[in-house]
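Chemist: sequence first, predicted coordinates after that:
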Amino acid sequence: MARAACEHVDPRSPQIIVELGAGTGAITEVACRRMHPRSRLIAVEIDPIFAQVLASRCPRAEVLNCDVRDLESHLERLGIDKIDLLLNGLPTPSLPREVNQIVLECFAKYANGAYFSQLTVMPWIYKPMYRRIFEQVTFSLVPANLPPGGVYHCRGLRSDFLGRIPGKNGKPGPNGRHCENGNGHA
Ligand SMILES: C[S@@+](CC[C@H](N)C(=O)[O-])C[C@H]1O[C@@H](n2cnc3c(N)ncnc32)[C@H](O)[C@@H]1O
């Protein structure tokens, strides 16, 4: 699964890679091994214990123990104005819609044209959902994962993606943002 997630990590040229929901670093470790020596990998994880494991397991990663809602302010602090690859381990379909809106707006601002590689343990089910958001979506099946899973490699945000944000309805997040748009939940 980690190798499939890292398909667009380029060993030959430097990239700015951002991983969301990096957990204890199974994907991060493979990405760090594969990436170019001058690449940067920013790994975001909200759980402080997971973030600690992640930092000691992946010393090459820049670990942010924070909510993905605060990603943009951290990118500014780190002097990052462009993302070359986004690895997404967040459970996108079951997150509040306002969190997905923040992630996709951040992707539009910093990474449009880059790959958005999304992990799943429900093969194919959400392909229509990602097709509503991105022009190009391919799926790499990983049958040997327990449970069987795979990775959606998505590219080219649709111009009307804001009306197609997936996720659950929820209360406004801590920064007061809330998306009233459409029902993209699959
Ligand atoms: C499905 S797990 C990914 C596991 C990871 N790939 C690994 O190998 O350990 C999703 C992760 O997203 C994190 N997460 C969930 N909501 C988050 C948020 N709002 N901001 C940052 N991380 C979040 C969870 O704590 C969890 O570690």
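Modeler: All right, it came through fine.
Chemist: buried stuff in stretch 154-172?
Modeler: For stretch 154-172, burial by neighbour count (16 or more other Cβ atoms under 10 Å) applies to 154-157, 161-162, 164-167. Where C-beta positions appear, they are placed from N, C-alpha and C, glycine not excepted.
Chemist: for the closest residue to the ligand within the chain, which non-adjacent residue is spatially closest?
Modeler: In the chain, the residue that lies nearest the ligand is residue 23 (2.1 Å; Cβ to the nearest ligand atom). Spatial nearest neighbour of residue 23, chain neighbours left out: residue 50 (5.4 Å); criterion: Cβ to Cβ, 6 or more residues apart in numbering.
Chemist: next one: residue 29
Modeler: residue 58 (5.5 Å).
Chemist: so what's the one you found up against?
Modeler: Going by Cβ atoms under 8 Å, 6 or more residues apart in numbering, residue 58 touches 25, 28-29, 32, 41, 43.
Chemist: check residue 151 too.
Modeler: Per Cβ under 8 Å, 6+ apart, neighbours of residue 151: 1, 4-5, 7, 117-120, 139-140, 142.
Chemist: phi and psi next, for it.
Modeler: Torsion angles at residue 151 (phi, psi; degrees, to the nearest 10) stand at phi -140, psi 130.
Chemist: tell me the bridge partners for it.
Modeler: Under DSSP bridges, the beta-bridge partners of residue 151 are residue 119, residue 140.
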